[in-house]
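Chemist: just a sequence and a predicted model for now, questions to come.
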Amino acid sequence: MLLKLPSGTTIAVPPFFFRQHPRAHLKISCASAFHPDHITSRLSLEILDRELEAGPCDALLDVGCGSGILALLAAHKGVPFVAGLDIDRRAIATSRENAEKNHLTQNAHWLLGTILAVQGNFQCITANLPHAVIDEILDEIMDRVAEGGVLILSGFHDIQWHGLYARLTAHGFKDERILSGDRSFYGIPPSGSFTWMAAQFRKNAR
């Protein structure tokens with residue numbers, strides 16, 4: 001399967017089709033990690049792709065990196081320092097394997113642990129995580145976004161948006177891009193909504 005981003009970058013994800021796989025700029029396997037074809041991954045990739053096309057980024061942190069797809073997109077686009085963070089050893093192993101497969105080991109680094117293991121600030125932070133996890137660690141994530149930097153969040157539904165928006169704006173973040181997409185389930189999902197969202201915020205935007 002081939003994901004096509006607004007910039008023209010293409011990413012091959014499972015299942016791999018012979019004619020598509022050789023053409024892709026990136027090739028991402030997921031093993032037991034979160035599947036990179038999920039609607040929240042697609043939304044996050046689109047926002048990140050547009051942000052990196054708009055201007056340079058010196059350092060990016062992906063919280064809950066899974067397969068490493070967001071961090072590796074940033075590395076592929078020339079971000080000089082990229083860090084992927086996850087609490088699952090299998091996700092870190094998968095991310096490292098994907099970095100090696102795409103020849104992106106020089107500027108991509110992987111860390112096993114929680115957000116508390118990370119010090120310093122990043123010009124861009126991405127976090128595609130379940131809403132409950134975002135809600136729990138959002139303060140720590142916001143603290144690690146550099147002044148004027150960007151935070152890209154996904155993994156939540158439209159009915160959970162207003163609470164996140166209120167917390168972020170109260171801490172000096174301004175929304176810049178908001179995307180949504182539907183994914184159907186058999187029966188009503190536990191959250192009560194079929195609509196997933198992703199949003200980009202800038203910290204203390206002038």
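Modeler: Perfect, thanks for sending it. Numbers count the residues shown, from 1 in each chain.
Chemist: in its sheet, what does the strand ranked longest in the chain sit against?
Modeler: Criterion DSSP state E: the longest strand present in the chain is strand 145-157. Strand 145-157 has the following strand partners under DSSP bridges: strand 122-128 (parallel), strand 195-203 (antiparallel).
Chemist: between strand 145-157 and the helix or strand just after that strand, find me the angle.
Modeler: Downstream of strand 145-157, the first helix or strand assigned by DSSP states H and E is helix 161-170. Helix 161-170 and strand 145-157 are oriented at 170 degrees to each other (axes from the mean of the first three to the mean of the last three CA atoms, to 10 degrees).
Chemist: neighbours of R167, how many?
Modeler: By the criterion of other CB atoms under 10 Å, R167 has 15 neighbours. Bear in mind the C-beta positions are built from the backbone N, C-alpha and C, glycine included.
Chemist: list the contacts of it.
Modeler: Shown in contact with R167 (CB atoms under 8 Å, 6 or more residues apart in numbering): L138.
Chemist: would you state the strands of the chain in chain order?
Modeler: 2-4, 10-12, 26-27, 59-63, 81-86, 108-112, 122-128, 145-157, 173-182, 195-203.
Chemist: tell me the most buried of these?
Modeler: Mean neighbours per residue, mean count of other CB atoms under 10 Å, is largest over the strands of the chain for strand 59-63, with a mean of 27.
Chemist: mind listing what it pairs with, with the direction of each?
Modeler: So strand 59-63, judged by DSSP bridges, has these partners: strand 81-86 (parallel), strand 122-128 (parallel).
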